[in-house]
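K.L.:
Let's see this in three dimensions:
(one chain, ligands or ions: 1)
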Amino acid sequence: MFTDEYFMKIALSEAHLALEKDEVPIGCVVISNNRVIARAHNLTETLNDVTAHAEMQAITSAAHFLGGKYLKNCTLYVTLEPCVMCSGALSWAQISKVVIGARDEQRGFINKQLSLHPKTEIVTGIMENECSSVVKEFFKSKR
Ligand SMILES: [Zn+2]
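P.N.:
Numbers count the residues shown, from 1 in each chain. I've put the predicted structure just below:
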């Protein structure tokens, strides 16, 4: 039952919480031993903080939970491909695995030729359509 889709759905529900606050709808969860140890959504408008991306908050929160700065044996599920800032933070955290919903061709780290920690496994395209459509609809409504 603990499939990638199962955890991505929780990340997507976080994205919807962001949407309710009129934030760019991106959400994520950190999983350790099939348990959600951190969940977060984008709060850059609410906090007036450009660093308040979902991933940044989830990394901090997961480290607090674990009582250590490294997220070894942890998996991050995120609805949109992390940006350069977040991929840097994930790299410092030495997270074991990152599962991405939709790609972000413009701002994501993959097209910037960046990689995460050498031991970090990366999976893309889990519930891609659901994850990208929530962001697309958001920007469409802004025009
Ligand atoms: Zn980011």
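
K.L.:
Spell out which residues of the chain are next to the ion.
P.N.:
Residues of the chain lying close to the ion by C-beta under 5 Å from the ion are 53, 83, 86. The way it works is simple: take the backbone N, C-alpha and C, and place the C-beta from them, glycine included.

K.L.:
In TSV, list those along with neighbour count and secondary structure.
P.N.:
Shown next, in TSV, are the residues of the chain next to the ion (neighbours: other C-beta atoms under 10 Å; DSSP: H, G, I helix; E, B strand; the rest coil):
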residue	neighbour count	secondary structure
H53	25	coil
C83	20	strand
C86	25	helix
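
K.L.:
ok, E45 touching P25?
P.N.:
No: taking contacts as C-beta atoms under 8 Å, E45 lies outside contact range of P25: 11.7 Å.

K.L.:
Can you tell me the SS state at the residue nearest to the spatial centre of the chain?
P.N.:
With distances taken as C-alpha atoms, centre = their mean, V78 lies nearest the centre of the chain, 2.9 Å away. When classified by DSSP: H, G, I helix; E, B strand; the rest coil, V78 comes out as strand.
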